[in-house]
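Visitor: give me a model of this one.
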Amino acid sequence: MKDFLISQAQTETTVLVALITQTQDERKTNEY
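Guide: From the prediction side, this is the model:
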């Protein structure tokens, strides 16, 4: 059960990072 929670947290973190990176890329695109 512990491993499942850890992997789930890692997945959520990865998704968050991906979303943040995506929004940053969009801002950069709008600047140019």
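Visitor: would you mind measuring from residue 28 to residue 17?
Guide: 16 Å (C-beta to C-beta, to the nearest Å). C-betas here are computed from N, CA, C, even on glycine.
Visitor: low-confidence stretches in the chain?
Guide: Across the chain, residues meeting the criterion (pLDDT under 70) sit at 32.
Visitor: helices of that one, start to end?
Guide: Assigned by DSSP state H, the helices in the chain fall at 2-31.
Visitor: what's the neighbour count on residue 14?
Guide: 10 (other C-beta atoms under 10 Å).
Visitor: cool, and the one 3 residues further on?
Guide: Residue 17 sits with 10 neighbouring residues when counted by other C-beta under 10 Å.
Visitor: could you check how far it is from residue 2?
Guide: For residue 17, the distance to residue 2 - C-beta to C-beta - is 23 Å.
Visitor: and if you look at residue 14?
Guide: Residue 14 is 19 Å from residue 2, by C-beta to C-beta.
Visitor: for residue 12, same thing?
Guide: Taking C-beta to C-beta, one finds residue 12 at 16 Å from residue 2.
Visitor: what of residue 13?
Guide: Applying C-beta to C-beta to residue 13 and residue 2 gives a distance of 17 Å.
Visitor: ok, now how distant is residue 26 from residue 20?
Guide: 11 Å.
Visitor: for residue 14, same thing?
Guide: Distance from residue 14 to residue 20, by C-beta to C-beta: 11 Å.
Visitor: likewise residue 31?
Guide: 17 Å.
Visitor: higher neighbour count, these two?
Guide: Neighbour count, other C-beta under 10 Å: between residue 31 and residue 20, residue 20 has more, with 10 against 6.
Visitor: roughly how far does the more buried one sit from residue 27?
Guide: 11 Å.
Visitor: and residue 7, by the same measure?
Guide: 31 Å.
Visitor: cool, and residue 1?
Guide: Residue 1 is 40 Å from residue 27, by C-beta to C-beta.
Visitor: of these two, who's got more company?
Guide: Using other C-beta under 10 Å as the criterion, residue 1 and residue 27 rank with residue 27 on top: 9 against 5.
Visitor: quick one: contacts for that one?
Guide: By C-beta atoms under 8 Å, 6 or more residues apart in numbering, no residues touch residue 27.
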